[in-house]
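Enquirer: Sharing a model that was predicted from the sequence below.
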Amino acid sequence: MDRTIPRFVLAGTNSGCGKTTVTCAVLQAFLNRGLKAASFKCGPDYIDPMFHSGIIGAKSSNLDSFFLDDNALRYLLCKNSTNCDICVIEGVMGFYDGLSLDSTHASTYEIAQLTKSPVILVVNAKGASLSILAAIDGFLNFYPENNIKGVILNQCSAATYPALAKAITQRFAASVRPLGYLPNMKECTLESRHLGLVTAAEVSNLRDKVQALARQAERSVDLDGLFALAEQTPVLSHKPIQLPRFDTPVRIAVARDNAFCFYYEDSLDILREMGAELLSFSPLFDDALPDRIHGLYLGGGYPELYAKQLSDNRSMRKSISCALKHSLPCIAECGGFMYLTQAIGDYPMVGFLKGACYDTGKLTRFGYITLQAKENCLLCSAGDTIPGHEFHYWDCQCPGDAFEARKPSGKTWDCAVANAHLYAGYPHFHFLANPAFAENFYKACLKEKQNHA
């Protein structure tokens, strides 16, 4: 299938250069103009897509070339941009940063190449002048086929920008256009984008900040130039991905509250497309699991920050423990896994799994991995694989040994508790990386429904 999708990538020279600030400003400005905008985040990050959708209101999802093959990545871009006027793709880390110093795999550069998208380089101009041109020149010439078409300067003053724009135009001719700047706006600093952490008042404050950024973008960013670049993109081709559709629907309870908010919406959509009805519930506030469910999904999030409240909700803990003892099919990723253990710190949890969770004080087993099952289980057969990632500061006394995790460097370790009814472990994964995992989960839920018919 061929699709025409106006799109561009906002890439950074490095983490912290301001690409998220620029992305939020531009997205909100386009929405304020009445355009239907979709946003995408390169890489596995949950937080920026939540911010884009929850605060700005733009449909948002992930594009990750470690998780997804080329066709699946383009398929998601096309699928999630249906009926949209503009797509803004926010990069991850620095533009060329991938799995290692000798590979751009899983980088923003790779995703820009796979999606044939023009790239706008965000450069932090604070404390620099001529060196800004050196930085641009370096990114242009590091890999010649990079599709960098424009530059936006972050933390640049209104007085300085005209001279810098003129210098960029003179040095790089028509190959790279200066497309505006954002000044230093301390009052709009986005210190925390953890939507699971903020109150309603804080959400309102964040929305005010993003609107202020959008108003500034209207004044100092060439939004018309960005849109014109987006409209010049080539047609994007992909093959439709056919998922099995089950005649019998199942009901799957999905934990969604401040403690459990890390989900790939595209993974949940796969379950819906197969025929599942997803019922949101709150382990923080609800007394028990929803009635007549056939499966349970406990995603990641911040259970350690709500450990006392989760522990105090004894009726919910008992409800989940009882359901799992009766073999309810369950996926529990990272924070969801922690919730099923004996305790998080000093606070008792569901207690279905052995061991307690403790704060390591540092990132533990961080980064991309490939999971390989060591035995048959809920999601797959022994030997089956799926790409995933870990990002957590807490660890568990009994992290499980049903899967082997392998980093691209070759380092391995055992992880996850799994059986015919359960997957519970620190690694996260995306169902589109191996749809058979979702299909097997659905089939287990279907069997649970038939057993109780």
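Expert: All right, it came through fine.
Enquirer: Going by C-alpha atoms from here, please, whenever you check contacts or count neighbours.
Expert: Noted.
Enquirer: what ranges do the helices span in the protein?
Expert: When secondary structure is read from DSSP state H, the chain shows helices at 19-32, 47-51, 70-79, 108-114, 130-142, 161-172, 200-220, 223-231, 265-274, 307-312, 314-325, 335-340, 435-451.
Enquirer: Please work out which of the ones you listed is packed deepest.
Expert: Of the helices of the chain, the one with the most neighbours on average (mean count of other Cα atoms under 10 Å) is helix 335-340, at a mean of 28.
Enquirer: could I get the helices of the chain as JSON lines with distance to residue 388 and mean pLDDT?
Expert: Formatted as JSON lines, those follow (distance: least, Cα to Cα, whole Å; pLDDT from 0 to 100):
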{"stretch": "helix 19-32", "distance to residue 388": "24", "mean pLDDT": "95"}
{"stretch": "helix 47-51", "distance to residue 388": "17", "mean pLDDT": "87"}
{"stretch": "helix 70-79", "distance to residue 388": "15", "mean pLDDT": "96"}
{"stretch": "helix 108-114", "distance to residue 388": "18", "mean pLDDT": "97"}
{"stretch": "helix 130-142", "distance to residue 388": "29", "mean pLDDT": "95"}
{"stretch": "helix 161-172", "distance to residue 388": "40", "mean pLDDT": "96"}
{"stretch": "helix 200-220", "distance to residue 388": "30", "mean pLDDT": "88"}
{"stretch": "helix 223-231", "distance to residue 388": "31", "mean pLDDT": "97"}
{"stretch": "helix 265-274", "distance to residue 388": "13", "mean pLDDT": "97"}
{"stretch": "helix 307-312", "distance to residue 388": "26", "mean pLDDT": "98"}
{"stretch": "helix 314-325", "distance to residue 388": "24", "mean pLDDT": "98"}
{"stretch": "helix 335-340", "distance to residue 388": "15", "mean pLDDT": "98"}
{"stretch": "helix 435-451", "distance to residue 388": "12", "mean pLDDT": "97"}
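Enquirer: which stretch among these comes nearest residue 410?
Expert: Nearest to residue 410, of all the helices of the chain, is helix 108-114, at 22.0 Å by Cα to Cα.
Enquirer: quick one on the thing from earlier: and residue 289, which of the helices of the chain is closest to it?
Expert: Ranking these by their distance to residue 289 (criterion: Cα to Cα) puts helix 314-325 first, at 6.3 Å.
Enquirer: can you dump the C-alpha coordinates of the closest one into PDB?
Expert: Taking C-alpha atoms only, helix 314-325 is exported to PDB below (Å, rounded to 0.1, in the frame of the first residue of the first chain):
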ATOM      1  CA  ARG A 314      -5.700  -5.100  50.600                       C
ATOM      2  CA  SER A 315      -8.900  -6.100  48.900                       C
ATOM      3  CA  MET A 316      -7.400  -5.500  45.400                       C
ATOM      4  CA  ARG A 317      -4.200  -7.400  46.400                       C
ATOM      5  CA  LYS A 318      -6.400 -10.300  47.500                       C
ATOM      6  CA  SER A 319      -8.600 -10.100  44.400                       C
ATOM      7  CA  ILE A 320      -5.500 -10.400  42.100                       C
ATOM      8  CA  SER A 321      -3.900 -13.100  44.200                       C
ATOM      9  CA  CYS A 322      -7.000 -15.200  44.100                       C
ATOM     10  CA  ALA A 323      -7.400 -14.800  40.400                       C
ATOM     11  CA  LEU A 324      -3.800 -15.800  39.700                       C
ATOM     12  CA  LYS A 325      -4.100 -18.800  42.000                       C
END
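Enquirer: Mind giving me the packing neighbours of that helix?
Expert: Applying 3 or more Cα pairs under 8 Å, 6 or more residues apart in numbering; DSSP states H and E, one finds that helix 314-325 contacts no other helix or strand.
Enquirer: I figured residue 80 hits residue 58, correct?
Expert: No: using Cα atoms under 8 Å, residue 80 makes no contact with residue 58, being 10.8 Å away.
Enquirer: Residues in contact with both of the two, list them for me.
Expert: Common neighbours of residue 80 and residue 58 (criterion: Cα atoms under 8 Å, 6 or more residues apart in numbering): residue 38.
Enquirer: and these two? which has more neighbours close in?
Expert: Remark: of residue 80 and residue 58, residue 58 carries more neighbours, 24 against 19, as counted by other Cα atoms under 10 Å.
Enquirer: Right, I'll leave it there.
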